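A.B. asks: Mind looking at a prediction? Sequence and model below.
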Amino acid sequence: MVNLTIDGKQVTVSKTATIYEAAKEAGVDIPVLCYAKKLLPFGACRVCLVEVEQMKGRLIPACTTPATEGMVVTTNSDEIAKVRKTVMEFLLVNHVLDCPVCDKGGECDLQDLTYDFEVNSNRFEGVKFDLPTDEVNPLIERNMNRCVLCGRCVRVCDEIVAYGSYSFINRGFETKIATAFDRGLSCEFCGQCLSMCPVGALLPRPFKFKARPWQLKEVDSVCGYCGNGCTVTLGCKDNQVQTIRFNDKIGVNDGNLCVRGRFGYSYVNRDDRLTTPLVRKDGQLVEASWDEALDAVSSALKDGKAGILSGARLTNEELFLLKNVAKTASASLDHSGGECYKGVTEGLQETLGLASSTGTFPQVEDADVILSIRSDFYETHPVFGMVVNQAVKRNGAKFLVLSDKTGKFNKLPDAQTLLTKPGLEVNVLNAICAALLESGQAKTDGVSGVDEFKSALADYAPAKVSAQTGVPVEAITAAAEQLAGAKKGAILLAYGLPYTAQSKELAIAAANLAILSGLAAQDEAGLYICGEKANSQGAIDLGILPGDGLGAQEQLAAAAKGDLDLLYVIGEDPMTSYPDGAKVEAAINGAKMVVVQDLFLTPTAEQADVVLPAASFAEKDGTFTNAERRIQRVRPGITSPGEAKSDFEIFTSLLGRLGAQVSYTGPQAVFAALAAENGEYAGIDFDAIGPQGVVWGGDKLAPKQQVLVSVSGLQPVEARFQLVTGSALYHSGTTSTRAKGPRAVIDEAYVELGREDAAELGVATDDQVTVKANGNTVKLKAKVDNRLPKGVVFVPNHFAGTGLNKIYQGAASVAVEVTKG
Amino acid sequence: METVNQTTGKDVLLPDDTIEAFRAKAADTPHPRELIVDLLRAIQDHHGWVPDAGIELAAQTLGLSPLQLEEIATFYDKIYRQPVGRKVIHLCDSICCWTTGGEQVAELLRDKLGIGFGETTPDGVFTLLPTCCLGACGDAPAMMIGLTTYGRLTAEKIDTILREIRQQID
């Protein structure tokens, strides 16, 4: 720690603090343009100049100068004010003053500073910038005439997003921020750059001319897409979400968002949202009253054998009520697709005695070794991916990626890619365990099942697995060595509907490795199991699992046989997203009654007998639990369209109709009830869930046990082509395909091929390609790039009507025929 | 020196063995960015200037993004991102040269070459560019052609220099 004086105030700060940070701590505001708290110091704008007693003779930039012992700092004097005002004059020489039509007006740092320093004239003259606006992409407008060259966009894209879209080009007066060859922006469209821009140079195009900032009602909530649980501050006006506001003050994401979080909100405003209940009469779905619809659902629940399939984007409170509905009606209950969620949960229980991540996201920022299982982890959880970027790029973490394709992660500096044939991740994880045991680096104190595990690994000697998977032996042994040497290691595994294959085996294999490398028992970080949906962890915590009843796949099988009177689907579109679409279709046809509760008339809802219009995340009050066990508040920014009701209200009405005795006043009361029933949530008060949420079990959840469980991998699929599915970066589940932002980037499914295969087939991007397997055919446009190894094709699982799930029936990879045309 | 590939007819930006040499060097250094200027100059020496394809080739050779090359290439005015004549005259455009007749020298050069700044003579021999201080203030007014700096310029001196260069080229 160092002690210094700032404007007469004594302050003690860490010795890594800058003068700017020290002043902030002392409650002294120093104006800045180029400084941003999450970026490395840069010193471009010279607005933060201060006087330092010990460094007389010149002014010192506060944002780059370290605070040192005994420093005496003055942040405001006549000379400082004069210099700062001059800096503003320089900036305003070339800057176009089109504030009346600039969307940044009212929250522009340049505007505010010009006002603060009363820069009402300019001693200097020069030519105003007259550069064309970059409107090549649909989401981010770049108007370089308004740029002040602070470099925040350049730095955030490099330091945090690790994409590197921007840099300074040219020199002197002609310096500007440009993309490669100045050809316009084409990137991940996470929009970190526009959240960092202090002026109106970078703006969200979908929000142009929608509202002035002060007209927006700001509501802090949690993103409804993936398990990352990012804070999104809804900017609401006219009962619509108009934009997502920048907020780095609260939550776990430090103001970072991905394209879905930042631009994927618009589906909540869509005109084709369901606004009244629908009931099938004479073969047609017609509008009905809530009473009629709910009576039909409740009597089917009461009288017959019912199965309920829930999505994982309901709040904890809603899931709790749903569980009560199922209990009261003696219905089977499961969530999301079947074996995947269940498998992961069971696998972790058997090995570590828990069913969640052991650490928090911020703990990964200074992890020293990170293993990502599948490169798709960045696609499923991009903002956690940005934490990994920082760990690797800024803090020099060793990074291992075990995957069947390359991608963003593999391009990080010094990333070690263990490129395996599809579906063989378990084999490689087993081989790393074998290497750990063989070299004596395995940590086995307090671990049970070691001997059995050792003998079961005979088939997974590194050399053997290497021959099978294509991962070099040295890469396997090096990975073992690095993981064993980790002081603060992290293993990342995502799960979800497109990743149902071997989910239990993968969870066990990852846990085995976490145990043997000592990661599970570390004080921080460890094993991260990240669900696909916003409240996947909540659904597991609350036990939205079959128990004694039928699991998702069993429900579908029973329905297909005509053994189910009611199939009640909530917040899911199984016709599109479940593996084995034919099985889903048979179930929908076979069930005596199908009820769908959703925002839109999805392909599944179109087949239903009763459709209940539900509320989006932007209309809900309650809590989500993210993939690091953080319980966070979801708050309503707008009201639901028409007669649509939240799942909370619908379940409450159903419980009443089913004769339940208890009724709840609101999410607060339900949370108290669920906390009383669920040990992990006990003692957490709904109203005390603050801006950072509450991590149940504490920042580090120690495993209850460390049991090694032997687990078998697969044999490689031998075929000229094999298909894998998964998540594309721009989408999450099926909901994002109804949002303008993500659609503006990718608006239809595609078949992704590597260059070598594409050349052999004579296929170019956008040519039609036919993928055939087990008697089914999918015809889609081709997307040719460098991500996939020879023989592997990828189709994202988000889009309805592609027929993908006729081919993908839950296997890790499918042998397919691929032809042009 | 082969500048056009006989089979493809395309411009050769840099011979393969030179590319390989740079690739090997890049693999051997923790900071491949330090090779950017050398590689761009190599491409320029071979091809005359650095087209977009040259930036891409250099990026790929060093394992960097094209933008990481472009930021350097556009910063240094001695890396030419547009076609130039066979010899580029960088006339110093800074204060010491101004005070020692630099502006008259500029006038002379424009007259003798029949071109303005930023232009190339019709025979493709000379391109005339102003440049920031060449660091030859003691010998002002100064100019630089290739890697040679010429100081204390006079009309006669300039005549001799231009004549000699034309002779070398012929």
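C.D. replies: Perfect, I can see it now. The model shown is predicted, which means the values in this text are computed figures rather than measured ones.
A.B. asks: List, one by one, the residues from chain A near chain B.
C.D. replies: Contacts of chain A with chain B, taken as Cβ under 8 Å from any Cβ of the partner chain, map to A:164-171, A:178-181. (Each C-beta comes from the backbone N, C-alpha and C, glycine too.)
A.B. asks: Could you turn the buried ones of those into a ChimeraX selection?
C.D. replies: Only the buried entries of those go into this ChimeraX selection, using 16 or more other Cβ atoms under 10 Å in any protein chain shown:
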select /A:164,165,166,167,168,169,170,178,179,180
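A.B. asks: tell me which residues in the longest helix along chain B are buried?
C.D. replies: Using DSSP state H, we find that the single longest helix of chain B is helix B:155-169. Residues of helix B:155-169 classed as buried under the neighbour-count rule (16+ other Cβ under 10 Å) are B:158, B:161-162, B:165.
A.B. asks: before we move on, what about stretch A:362-375?
C.D. replies: A:363-375.
A.B. asks: Quick check on residue B:87: phi, psi?
C.D. replies: Main-chain torsions, residue B:87, degrees, to the nearest 10: phi -130, psi 130.
A.B. asks: wait, residue A:287 sits on residue A:280?
C.D. replies: No: checked against Cβ atoms under 8 Å, the pair residue A:287 and residue A:280 is beyond contact range at 11.6 Å.
A.B. asks: quick one: which of these two has more around it?
C.D. replies: When residue A:287 and residue A:280 are compared for neighbours, residue A:280 comes out ahead with 17 against 14, by other Cβ atoms under 10 Å in any protein chain shown.
A.B. asks: And what about the more buried one, helix, strand or coil?
C.D. replies: strand (DSSP: H, G, I helix; E, B strand; the rest coil).
A.B. asks: List the contacts of the closest residue to it other than its chain neighbours.
C.D. replies: Spatially, and ignoring its direct neighbours in sequence, residue A:280 is nearest to residue A:609 (4.6 Å; Cβ to Cβ, 6 or more residues apart in numbering or on different chains). Residues in contact with residue A:609 (Cβ atoms under 8 Å, 6 or more residues apart in numbering or on different chains) are A:279-280, A:296, A:593-595.
A.B. asks: please redo it, this time with the cut-off set to 10 Å
C.D. replies: A:278-281, A:285, A:293, A:296-297, A:300, A:566-567, A:591-596 (Cβ atoms under 10 Å, 6 or more residues apart in numbering or on different chains).
A.B. asks: what do you get for residue A:660?
C.D. replies: Counted by Cβ under 10 Å, 6+ apart, residue A:660 has contacts A:321, A:324-325, A:327-329, A:651-652, A:654.
A.B. asks: among those, which ones are buried?
C.D. replies: By neighbour count, with 16+ other Cβ under 10 Å, the contacts of residue A:660 hold A:321, A:324-325, A:328-329, A:651-652, A:654 as buried.
A.B. asks: List the ones among those that fall in helices.
C.D. replies: A:321, A:324-325, A:328, A:651-652, A:654.
A.B. asks: Including distance to residue A:618, could those go into a markdown table?
C.D. replies: Shown next, in a markdown table, are those (distance: Cβ to Cβ, whole Å):
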| residue | distance to residue A:618 |
| --- | --- |
| A:321 | 20 |
| A:324 | 25 |
| A:325 | 24 |
| A:328 | 29 |
| A:651 | 19 |
| A:652 | 20 |
| A:654 | 23 |
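A.B. asks: Please identify which of the buried residues of helix B:155-169 is nearest to residue A:790.
C.D. replies: For those, the residue nearest residue A:790 by Cβ to Cβ is residue B:165; the value is 53.5 Å.
A.B. asks: one step back: restricted to buried residues, select the contacts of residue A:609 in PyMOL.
C.D. replies: Command for PyMOL that selects the buried part of these, burial taken from 16+ other Cβ under 10 Å:
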select buried, chain A and resi 278+279+280+285+293+296+297+300+566+567+591+592+593+594+595+596
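A.B. asks: Only alpha carbons, please: show stretch A:314-334 as PDB.
C.D. replies: What follows is stretch A:314-334 as a C-alpha-only set of coordinates in PDB (Å, rounded to 0.1, in the frame of the first residue of the first chain):
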ATOM      1  CA  LEU A 314     -38.300 -19.900 -16.400                       C
ATOM      2  CA  THR A 315     -37.500 -18.200 -13.100                       C
ATOM      3  CA  ASN A 316     -36.700 -20.200 -10.000                       C
ATOM      4  CA  GLU A 317     -40.000 -19.100  -8.600                       C
ATOM      5  CA  GLU A 318     -41.900 -20.300 -11.600                       C
ATOM      6  CA  LEU A 319     -40.000 -23.600 -11.700                       C
ATOM      7  CA  PHE A 320     -41.000 -24.100  -8.000                       C
ATOM      8  CA  LEU A 321     -44.600 -23.500  -8.800                       C
ATOM      9  CA  LEU A 322     -44.400 -25.800 -11.800                       C
ATOM     10  CA  LYS A 323     -43.000 -28.500  -9.600                       C
ATOM     11  CA  ASN A 324     -46.000 -28.000  -7.300                       C
ATOM     12  CA  VAL A 325     -48.300 -28.300 -10.200                       C
ATOM     13  CA  ALA A 326     -46.700 -31.500 -11.200                       C
ATOM     14  CA  LYS A 327     -46.800 -32.800  -7.700                       C
ATOM     15  CA  THR A 328     -50.400 -31.900  -7.200                       C
ATOM     16  CA  ALA A 329     -51.400 -33.500 -10.400                       C
ATOM     17  CA  SER A 330     -49.100 -36.500 -10.000                       C
ATOM     18  CA  ALA A 331     -47.600 -35.600 -13.400                       C
ATOM     19  CA  SER A 332     -44.200 -36.500 -14.700                       C
ATOM     20  CA  LEU A 333     -41.900 -33.500 -14.900                       C
ATOM     21  CA  ASP A 334     -38.500 -33.000 -16.700                       C
END
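A.B. asks: Identify each buried residue in it, please.
C.D. replies: Within stretch A:314-334, the residues scored as buried using 16+ other Cβ under 10 Å are A:314-326, A:328-329, A:331-334.
A.B. asks: now do stretch A:85-101
C.D. replies: In stretch A:85-101, counting by 16+ other Cβ under 10 Å, buried: A:85, A:87-92, A:94-95.
A.B. asks: With stretch A:102-115 instead?
C.D. replies: Under the neighbour-count criterion of 16+ other Cβ under 10 Å, stretch A:102-115 has A:102-104, A:108-111, A:113-114 buried.
A.B. asks: In CSV, list the residues you listed along with pLDDT.
C.D. replies: CSV is the format used below for the buried residues of stretch A:102-115 (pLDDT from 0 to 100):
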residue, pLDDT
A:102, 95
A:103, 94
A:104, 95
A:108, 97
A:109, 96
A:110, 96
A:111, 96
A:113, 96
A:114, 96
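A.B. asks: which pair in those residues spans the largest distance?
C.D. replies: A:103 and A:113 (18.3 Å).
A.B. asks: thinking again about what came up before, from the ones in helices among the buried ones among the contacts of residue A:660, which two are the most distant?
C.D. replies: A:328 and A:652 (12.2 Å).
A.B. asks: What pLDDT is listed against residue A:374?
C.D. replies: Model confidence at residue A:374, given as pLDDT, is 88.
A.B. asks: which residue sits closest to it in space, ignoring its chain neighbours?
C.D. replies: Nearest one to residue A:374, counting by Cβ to Cβ, 6+ apart, is residue A:403 at 5.0 Å.
A.B. asks: That neighbour and residue A:816, how far apart?
C.D. replies: According to Cβ to Cβ, to the nearest Å, residue A:403 stands 20 Å off from residue A:816.
A.B. asks: Kindly report the same for residue A:10.
C.D. replies: Counting by Cβ to Cβ, the gap from residue A:10 to residue A:816 is 70 Å.
A.B. asks: Could you do residue A:713 as well?
C.D. replies: Relative to residue A:816, residue A:713 is positioned 21 Å away (Cβ to Cβ).
A.B. asks: what's the domain layout of chain B?
C.D. replies: With domains defined by automatic domain parsing, chain B comprises B:16-75, B:87-169.
A.B. asks: Report the rounded mean pLDDT for the last one.
C.D. replies: For domain B:87-169, mean pLDDT rounds to 95.
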